[in-house]
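> just a sequence and a predicted model for now, questions to come.
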Amino acid sequence: MKEFGSVSFVFPMYNEAPNIKYTLRKASVVARDICGEYEIIVVDDASTDGCGKIVEGIAGQDPHIKFIRLKRNTKFGGALKEGLTAASKDVIIYTDSDFPVKGQDIKGALELLEDSDIVTAYSLVIKDASIKRIVMSKVYNFLVRLLFGLSLHDINSGFKIYKKKVFEGMDLKSESPFIDAEIFIEALKRKLAISQYGLIFDLRTEGKSTISRPGIVAKTFWDMLKYKFSK
């Protein structure tokens, strides 16, 4: 695998008290395995379950961990944007804060970064058997393809890798999960290369995903329409 000088892990976090200690341990092990210089950035999106205090305590003992707490809940996108802005290393790795990605898949995806600027993952199997989640995902991906011509397997997958240069001069507006699509669209405008990596995500065993909350869904579609008609 090509050696990268330094890596930033970025975790947007909302109410992940059952998972975050494990996530930080796993991220530290993977980071040390793939490079010598790393940082782990956790952005607490105004959680209410005490996970912020957990991270704050661990960060006090480990200088590699940077903790950022937002005063208001931004519905994911604002937390991701804050983490991406704070990232200072050559390569930025984002995964969901329950860390659903195997270390070997992170290494495999990093291989693709040799010829790409962004690597985005997609699931090789159905991740969620919920009819509601499946329909929502298909409708959302269809609309993004229709409105923006963005053809990817899974726009909002929970694992992406970016070269830091991707964000130079990029003024991201979205505060919802639409931020993923916004990054891809802006990257393609700049002729940056995007690769896709298929994997099987680990299933969540603790806590629950909040990405399909009605407020987040509504904000995602609102950000999508604002972006479309403001350009």
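Noted; the coordinates are in hand.

> list the contacts for the residue nearest to P12 when sequence neighbours are not counted?
Leaving aside its chain neighbours, P12 sits nearest to A79 (3.7 Å; criterion: CB to CB, 6 or more residues apart in numbering). C-betas here are computed from N, CA, C, even on glycine. Shown in contact with A79 (CB atoms under 8 Å, 6 or more residues apart in numbering): P12, M13, Y14, V43, D44, D45, L70.

> wait, the last one sits on G78?
Yes - under the contact definition of CB atoms under 8 Å, L70 touches G78, with a separation of 6.6 Å.

> between the two, which is the more surrounded one?
Ranked by neighbour count (other CB atoms under 10 Å), L70 and G78 place G78 first, with 21 against 18.

> SS state for that one?
helix (DSSP: H, G, I helix; E, B strand; the rest coil).

> which residue is the nearest non-sequential neighbour of it?
E175 (4.0 Å).

> would you agree that neighbour falls within a strand?
No - counting by three-state DSSP, one finds E175 to be coil, located in no strand.

> contact partners for it?
Contacts of E175 (CB under 8 Å, 6+ apart): T74, K75, F76, G77, G78, K81, K219, D223.

> and the first one, how far from E186?
Taking CB to CB, to the nearest Å as the measure, T74 falls 19 Å from E186.

> out of these two, name the residue with the larger neighbour count.
For T74 versus E186, neighbours defined as other CB under 10 Å are more numerous around T74 (23 against 18).

> next, name the residue at the spatial heart of the protein.
Compute the mean C-alpha point of the chain, and by CA atoms, centre = their mean the closest residue is Y94, 4.0 Å away.

> which phi and psi does that residue have?
Per-residue torsions, Y94: phi -110, psi 130 (degrees, to the nearest 10).

> so it bridges to which residues?
Beta-bridge partners for Y94, by DSSP bridges, are V10, K160.

> quick one: it and I161, what's the gap?
Y94 is 8 Å from I161, by CB to CB.

> so, low pLDDT: which residues of this protein?
Along the chain, the parts satisfying pLDDT under 70 run over 1-4, 127-130, 207-212, 231.

> now do the strands in it.
Using DSSP state E, the strands found in the chain span residues 6-13, 37-44, 65-69, 91-95, 118-123, 159-163, 194-199.

> so how far is V139 from R145?
To V139, R145 is 11 Å away according to CB to CB.

> name the residues of stretch 171-186 that come out as buried.
Buried residues in stretch 171-186, counted by 16 or more other CB atoms under 10 Å: 172, 174-186.

> what's the end-to-end length of that stretch?
Counting by CA to CA, to the nearest Å, you get 9 Å between the two ends of stretch 171-186.

> ok, now which ones touch the nearest residue to F159 once chain neighbours are set aside?
Distances taken as CB to CB, 6+ apart place A121 nearest to F159, at 4.0 Å, with adjacent residues excluded. Counting by CB under 8 Å, 6+ apart, A121 touches 101, 105, 109, 154, 157-160, 196-199, 201.
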